[in-house]
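Enquirer: Sequence and predicted model, in that order:
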Amino acid sequence: MKYCVECGSEYQDHVTQCADCSEIQLVDAAEMRRRGLPLPHERDTREFIRVGTAEDPLTAEEFVRLLEAEHIPVFSRARRAGTVDVLTTGNPHPWWEILVPEEFTQKASELIAQSKAKMDASADENAQAAEDEELENEQASAPGTAS
Ligand SMILES: [Zn+2]
């Protein structure tokens, strides 16, 4: 049997793509386990909860690696922005959600929050460096007029 990593549907081995989720590759049960994905018959007993979101696949991958390092079963899933998302967030871009089993949500949320804080800090540093440079240029060309 093979399974869709997006929706979890079960397929015969000769099928290569999910009928519902186009371009989603099917994997075998061992790979589903490796990714911490529930098989269809396990779905009811294991809830996966969204603990974070990412705006690009690299960030999503980083969160997954971070949680895997802590032995938390985790997977990320691309969400295509549908009409509902556009209406509610005004954001037409795709985004990624990070999901873990219910029992790991607190630990995973904390790890993601820490990681995001770190990312924001380095983004701030870069912005600050650019600002300083701009300020120096302004002061050099027009002293006293920088607002
Ligand atoms: Zn599917």
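Expert: Structure's in. What do you need?
Enquirer: can you list the domain ranges for the chain.
Expert: Domain assignment of the chain by automatic domain parsing yields the ranges 1-46, 47-140.
Enquirer: Tabulate these in JSON lines, adding columns for mean pLDDT and mean neighbour count.
Expert: For every residue, glycine as well, the C-beta is placed using N, CA and C. Below are the domains of the chain laid out as JSON lines (pLDDT from 0 to 100; neighbours: other CB atoms under 10 Å):
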{"stretch": "domain 1-46", "mean pLDDT": "83", "mean neighbour count": "14"}
{"stretch": "domain 47-140", "mean pLDDT": "84", "mean neighbour count": "14"}
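Enquirer: Out of the ones you listed, which is closest to the ion?
Expert: Closest to the ion of these is domain 1-46 (CB to the ion; 3.2 Å).
Enquirer: and that closest one, how far from the chain's centre?
Expert: 19 Å (CA atoms, centre = their mean, to the nearest Å).
Enquirer: Tell me which residues touch the residue lying closest to residue 28 once chain neighbours are set aside, please.
Expert: Once flanking residues are discounted, residue 28 sits nearest to residue 2: 5.8 Å by CB to CB, 6 or more residues apart in numbering. Contacts here follow CB atoms under 8 Å, 6 or more residues apart in numbering; on that basis residue 2 touches 10-13, 15, 26-28.
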